[in-house]
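A.B. asks: Sequence and predicted structure, then a few things I'm wondering about:
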Amino acid sequence: MSNKTYQPEELVNIENVKQGEFIRRKENSSKTYQRAEYDRELRKYCLDDQEDISRCIYIKKGTKVFVGFTY
């Protein structure tokens, strides 16, 4: 994965998160996602839901997400 260490519950832009990192969209969210690939056609980042393997969401560049939490 990544060698970068984040501060606990650090808020960063989605484009600064390495592929494969676990993220949450909100600070107290119960949903955890894993950053997947960037879709050039949609111009959005794909986030795979960790509870439902057939579900993913797409978010725009510049969206703030939370990283560095215990999962």
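C.D. replies: Alright, I've got the coordinates. What you see is a predicted model, and the numbers here were worked out from it, not measured in a lab.

A.B. asks: Show me the strands in the protein, by range?
C.D. replies: In the chain, the strands defined using DSSP state E lie at 10-13, 22-23, 33-39, 44-49, 56-60, 64-67.

A.B. asks: got those strands as a markdown table, with mean pLDDT and mean neighbour count columns?
C.D. replies: All C-beta spots, glycine's among them, are computed from the backbone N, C-alpha and C. Formatted as a markdown table, these follow (pLDDT from 0 to 100; neighbours: other Cβ atoms under 10 Å):
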| stretch | mean pLDDT | mean neighbour count |
| --- | --- | --- |
| strand 10-13 | 94 | 13 |
| strand 22-23 | 95 | 20 |
| strand 33-39 | 96 | 16 |
| strand 44-49 | 97 | 19 |
| strand 56-60 | 97 | 14 |
| strand 64-67 | 95 | 19 |
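
A.B. asks: How far does stretch 63-71 sit from its chain's centre?
C.D. replies: 7 Å (Cα atoms, centre = their mean, to the nearest Å).

A.B. asks: Contacts for that stretch, please.
C.D. replies: 5-14, 17, 21-27, 29, 32, 45, 59 (Cβ atoms under 8 Å, 6 or more residues apart in numbering).

A.B. asks: try it again with 7 Å
C.D. replies: Contacting residues not belonging to stretch 63-71 are listed as 6-14, 17, 21-25, 27, 32 [Cβ atoms under 7 Å, 6 or more residues apart in numbering].
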